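Asker: after the sequence you'll find the predicted model.
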Amino acid sequence: MARLEKASEPSLDLDVWEGDEPPPPDVLHARVRGVDGIVCLLTDAIDEALLAAAGDTLRVVSQMAVGVDNIDLAACAARGVAVGHTPGVLSESTADLTLALMLATCRRVVEAAEDVRAGRWRSWSPLGWAGVDLYGATVGIVGLGRIGQAVARRLAGFNVTLLYSSRRALTKIGTLAVERVPLDELFERADIVSLHVPLTDETRGLVGEAALARMKRTAILINTARGEIVDQAALLAALDKGHIAAAGLDVTTPEPLPADHPLLARRDVVVLPHIGSASRRTRQRMADIAVDNLLAGLRGAPMQSPPPPATPEQG
Ligand code: DGY
């Protein structure tokens, strides 16, 4: 905000939404009428209706996120509206959180902590809260972009066997040998499946009944990408039937999940409030890039732009 207020090239008339929750679409549509640029969050639908409401003055949409699934890129392109996003700066923080979810689900950390807090810890016992080791596991990474690779680099320290599915062909990441396999094989062999693809028409529902049925009964699903990549009804059914063991989800459909959602009642599921990039340093960097992109776009200069729709990897 301070940087936008101080901006001199160009100087700006600002209209800032101060609410804790996203502006309702009708409010947003009314407030964007006649603006030249918009800084938006992944919770704002930048679709044809919004573009029409903004009108011909709109030249730039600058998103404070790497994922742009809330933005109709084709509609922006058709209207000559440039779109910016914040790739790269959040990969390491998101990879950190992915490892946190892997460890939390493998070692039942949240369940165990809840039990201690609730006074249910009576004594040390040989199988009390026993989980599975991340160390030495076979991990399958779906999408080996910046975030997927950052996850892989961390996993080198856990001596994992790393399988991946991606359009990229790599044999090593840092010191870790990696094996590219078809998606079906990845679901079948992995002890942990971790999703790092953007949400596109191609990836929506990618983890549905068929994929879940291929997974081991002991397997764990981790999603720090987008909720809609997983068919949540199929996930619940798979957990109920014991087709997979657990899930760690930083993203869901919808966000937030209603408090009475069945996923939240499960001890074998850890749900976080979409905090993959939520370190203070990373969020500051994302905000800085969003401002840089807005100002560059308003000057007609290049900015960090999302790749065309249907890109293979997140990050
Ligand atoms: C993004 O940038 O797309 C992330 O989901 C935000 O953490």
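Answerer: Great, that's in hand.
Asker: give me every residue in the stretch 201-315 of the chain lying close to the ligand.
Answerer: Neighbours of the ligand within the stretch 201-315 of the chain, by C-beta under 6 Å from any ligand atom: 276-277. (Glycine included, C-beta is placed from N, CA and C.)
Asker: mind giving me the packing neighbours of whichever helix or strand Ala74 is part of?
Answerer: Taking DSSP states H and E as the criterion, Ala74 maps to helix 73-78. Helices and strands touching helix 73-78, by 3 or more C-beta pairs under 8 Å, 6 or more residues apart in numbering; DSSP states H and E, are helix 48-54, strand 82-84.
Asker: what lines up beside the helix or strand following the first one in the sheet?
Answerer: Stepping forward along the backbone from helix 48-54, the first helix or strand reached (DSSP H and E) is strand 60-63. Paired neighbours of strand 60-63 in the sheet (DSSP bridges): strand 37-40 (parallel), strand 82-84 (parallel).
Asker: hmm, Thr43 and Ile71 touching each other?
Answerer: No - taking C-beta atoms under 8 Å as the definition, Ile71 is not a contact partner of Thr43, at 11.8 Å.
Asker: so for these two, which sits in the more crowded spot?
Answerer: Using other C-beta atoms under 10 Å as the criterion, Ile71 and Thr43 rank with Ile71 on top: 25 against 12.
Asker: quick check on the more buried one: phi, psi?
Answerer: Torsion angles at Ile71 (phi, psi; degrees, to the nearest 10) stand at phi -110, psi 130.
Asker: could you pull up the contacting residues of the closest residue in space to it that isn't next to it in sequence?
Answerer: In space, and not counting its chain neighbours, Ile71 is closest to Ile46: 4.2 Å by C-beta to C-beta, 6 or more residues apart in numbering. Ile46 makes contacts with 38, 40, 61, 63, 70-72, 76, as judged by C-beta atoms under 8 Å, 6 or more residues apart in numbering.
Asker: quick one: the strands in the stretch 201-315 of the chain?
Answerer: 220-223, 246-249, 269-271 (DSSP state E, counting those that start in this stretch).
Asker: follow-up on the earlier one: in JSON lines: the strands paired with strand 60-63, plus distance to Ala265, mean pLDDT and mean neighbour count.
Answerer: Below are these laid out as JSON lines (distance: least, C-beta to C-beta, whole Å; pLDDT from 0 to 100; neighbours: other C-beta atoms under 10 Å):
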{"stretch": "strand 37-40", "distance to Ala265": "33", "mean pLDDT": "98", "mean neighbour count": "23"}
{"stretch": "strand 82-84", "distance to Ala265": "39", "mean pLDDT": "97", "mean neighbour count": "23"}
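Asker: could those be laid out in CSV, adding distance to Leu12?
Answerer: Formatted as CSV, the strands paired with strand 60-63 follow (distance: least, C-beta to C-beta, whole Å):
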stretch, distance to Leu12
strand 37-40, 8
strand 82-84, 16
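Asker: identify whichever of the ones you listed lies nearest to Thr105.
Answerer: strand 37-40 (32.0 Å; C-beta to C-beta).
Asker: the residue nearest to Leu294 when sequence neighbours are not counted pairs with what?
Answerer: Leaving aside its chain neighbours, Leu294 sits nearest to Ser62 (4.1 Å; criterion: C-beta to C-beta, 6+ apart). On the basis of DSSP bridges, Ser62 takes part in beta bridges with Val39, Gly84.
Asker: tell me, how many residues neighbour Ser62?
Answerer: Other residues lying near Ser62 total 25 when counted by other C-beta under 10 Å.
Asker: the stretch 151-300 of the chain: helices as residue ranges?
Answerer: For the stretch 151-300 of the chain, the helices defined by DSSP state H, counting those that start in this stretch occupy 183-189, 209-214, 232-240, 280-299.
Asker: can I get the longest one in PDB, CA atoms only?
Answerer: Once side chains and other backbone atoms are set aside, the C-alpha atoms of helix 280-299 remain, and they are given as PDB (Å, rounded to 0.1, in the frame of the first residue of the first chain):
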ATOM      1  CA  ARG A 280       6.000 -12.900   6.300                       C
ATOM      2  CA  ARG A 281       9.100 -12.600   4.000                       C
ATOM      3  CA  THR A 282       7.400 -14.500   1.200                       C
ATOM      4  CA  ARG A 283       4.100 -12.600   1.400                       C
ATOM      5  CA  GLN A 284       6.100  -9.300   1.400                       C
ATOM      6  CA  ARG A 285       8.000 -10.400  -1.700                       C
ATOM      7  CA  MET A 286       4.700 -11.400  -3.400                       C
ATOM      8  CA  ALA A 287       3.200  -8.000  -2.600                       C
ATOM      9  CA  ASP A 288       6.300  -6.200  -3.900                       C
ATOM     10  CA  ILE A 289       6.100  -8.100  -7.200                       C
ATOM     11  CA  ALA A 290       2.400  -7.400  -7.500                       C
ATOM     12  CA  VAL A 291       3.100  -3.700  -7.100                       C
ATOM     13  CA  ASP A 292       6.100  -3.800  -9.500                       C
ATOM     14  CA  ASN A 293       3.900  -5.600 -12.100                       C
ATOM     15  CA  LEU A 294       1.000  -3.100 -11.700                       C
ATOM     16  CA  LEU A 295       3.300  -0.200 -12.200                       C
ATOM     17  CA  ALA A 296       5.200  -1.800 -15.100                       C
ATOM     18  CA  GLY A 297       1.900  -2.800 -16.800                       C
ATOM     19  CA  LEU A 298       0.500   0.800 -16.400                       C
ATOM     20  CA  ARG A 299       3.700   2.100 -18.000                       C
END
